[in-house]
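*Asks:* Got a sequence here, can you build the structure:
(chains A, B, C and D)
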Amino acid sequence: MSIKVKFFASLTDLVGMKEIDVEFESELNVINVWQSVCGTAQMPAGCLYAINHDYCEPDQLLKDGDEVAYFPPLTGG
Amino acid sequence: MSIKVKFFASLTDLVGMKEIDVEFESELNVINVWQSVCGTAQMPAGCLYAINHDYCEPDQLLKDGDEVAYFPPLTGG
Amino acid sequence: MTVRLSKEPFSPYDLLLQTEKELDGRRRKIGASSIFIGSMRDFNDGVSVESMYLEHHPEMTVKELEKIADRAEKRWSLDHVLVIHRIGEVYPSDPIVLVAVWSAHRAHSFDACRDIMESLKSNVPFWKREKREDGERWVTKNTSGSSADF
Amino acid sequence: MTVRLSKEPFSPYDLLLQTEKELDGRRRKIGASSIFIGSMRDFNDGVSVESMYLEHHPEMTVKELEKIADRAEKRWSLDHVLVIHRIGEVYPSDPIVLVAVWSAHRAHSFDACRDIMESLKSNVPFWKREKREDGERWVTKNTSGSSADF
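*Replies:* Take a look at the predicted model:
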């Protein structure tokens, strides 16, 4: 299955990319995708996740065609 | 001793006067003055009192030359 | 701190703009502004209200407002406080009170703005007399069911 | 309810004036307006900040802001809600966010305004990158010790 992965703000700097399309054989959740794509880069505390522009839990499974986004702690307002 | 007595807002209508100067022989507190000046007119619940433009307690004693004011419940803002 | 009464209608947003101009260099230290505007509603208990007369105690009103603003400035870390209150005859949608608080941080401005407004309602000698379609009457208390309460 | 992002600097008081003009007849039912403006401070941890870049998630930001405003409108009795948030490059004393709530009664407008602001801080995907005299850095969290927190 193909997944679009996006990184925002400081995570872009941390993992060295803003967006990547990846192919997976097996079913993966949000955390598994990070581990597979980001290698040794540790996810900072307090990150949030969204699948297809809706917030989700870290153990949510991805489907073919999904877009998953990783957010560092929010600092708006 | 001479005391200036002032009534505000609905109390003016209730007691039929806005301001009156009165002479007393004995020492009186804020409540005594109301009773003496206003006769049968009952003081509504939630009234406030001020002597010389500072809020005071109902049992505060008046001195010669004081101004005492009676306020119905406040409705500003 | 600026506290004053206004016999004439006032425009809150013009006053806020002007106040911020006067803050000048201090504006760069300000991260949060909390503002409250109370204005006249045209209905109370289902009865139409045409106008309202705001009575006050001239020798006490500004003094009590200043006490409240002063206490807020001691309790929270604030850059500026502005309080304006109408007196005299007001008409529907006229602003009655403006409370504005400028601070470095939002918690301080939110807390102080609300505290000043609530303290004003319970401590400052103002009274409203409504001119209604069924006659005139003094507003008896500031409750959520009253046009005087907002 | 009006929710939008602004790439350009905006003038909160002009927008509030314009919004109230558009409310028109409904203004006579409004007794309370609570407004919060967050703006950029020029100092953080004793370090001068020259400017700030506001990144966001284009497909989610407005949607999440609308959810927050919508939830407030269901929870409290409100006449109108306005939320504007800057994106892009901002400079000291520039407004970053405006939250305004119009209601018949003050308790509703106070509660809703603060709830919208706090929810925005914790739920809407915005991030600040500071350009400081000692280099650039992402603001890591919204705390009271940060120029990003107000």
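
*Asks:* residues from chain C in reach of chain A?
*Replies:* Applying Cβ under 8 Å from any Cβ of the partner chain, one finds that chain C approaches chain A through residue C:106. For the C-beta atoms, the positions are set from N, CA and C on the backbone; glycine is no exception.

*Asks:* in chain C, which spans are strands?
*Replies:* For chain C, applying DSSP state E gives strands covering C:2-6, C:32-39, C:43-44, C:47-56, C:78-86, C:88-90, C:95-103, C:126-132, C:135-138.

*Asks:* Where does chain A get nearest to chain B, residue-wise?
*Replies:* Nearest residue of chain A to chain B, counting by Cβ to the nearest Cβ: residue A:77, 28.2 Å away.

*Asks:* Okay, helices next: where are they in chain A?
*Replies:* Counting by DSSP state H, chain A has these helices, from start to end: A:10-15, A:30-38.

*Asks:* Centre-most residue in chain C?
*Replies:* Centroid check for chain C by Cα atoms, centre = their mean gives residue C:97 as the closest residue, at 2.6 Å.

*Asks:* give the contact list for it.
*Replies:* B:76-77, C:36-38, C:83-86, C:117, C:120 (Cβ atoms under 8 Å, 6 or more residues apart in numbering or on different chains).

*Asks:* burial of the residue in chain C that chain A sits nearest to, as a residue count?
*Replies:* Nearest residue of chain C to chain A (Cβ to the nearest Cβ) works out as residue C:106 at 8.0 Å. Neighbourhood size, residue C:106 [other Cβ atoms under 10 Å in any protein chain shown]: 25.

*Asks:* Just give the nearest non-adjacent residue to it, would you?
*Replies:* residue C:32 (4.1 Å; Cβ to Cβ, 6 or more residues apart in numbering or on different chains).

*Asks:* could you check the distance from that neighbour over to chain B?
*Replies:* According to Cβ to the nearest Cβ, to the nearest Å, residue C:32 and chain B sit 22 Å apart.

*Asks:* partners of that residue in the sheet?
*Replies:* Counting by DSSP bridges, residue C:32 is bridged to residue C:103, residue D:38.

*Asks:* wait, it sits on residue C:111?
*Replies:* No: Residue C:32 lies out of contact with residue C:111 (Cβ atoms under 8 Å); the separation is 10.7 Å.

*Asks:* Enumerate the residues of chain A near chain D.
*Replies:* Checking chain A against chain D by Cβ under 8 Å from any Cβ, the hits are A:8-10, A:13, A:46, A:48, A:50, A:53, A:55, A:69, A:71-77.

*Asks:* what about the strands in chain A?
*Replies:* A:2-7, A:19-23, A:48-51, A:54-56, A:67-71.

*Asks:* The last one pairs with which strands, and in what direction?
*Replies:* Which is strand A:67-71. Strands adjacent to strand A:67-71 in the sheet, as given by DSSP bridges, are strand A:2-7 (parallel), strand A:48-51 (antiparallel).

*Asks:* Quick check: residue A:1 vs residue A:17, distance?
*Replies:* 20 Å (Cβ to Cβ, to the nearest Å).

*Asks:* Sorry, wrong one. I was asking about residue C:123.
*Replies:* Distance from residue C:123 to residue A:17, by Cβ to Cβ: 60 Å.
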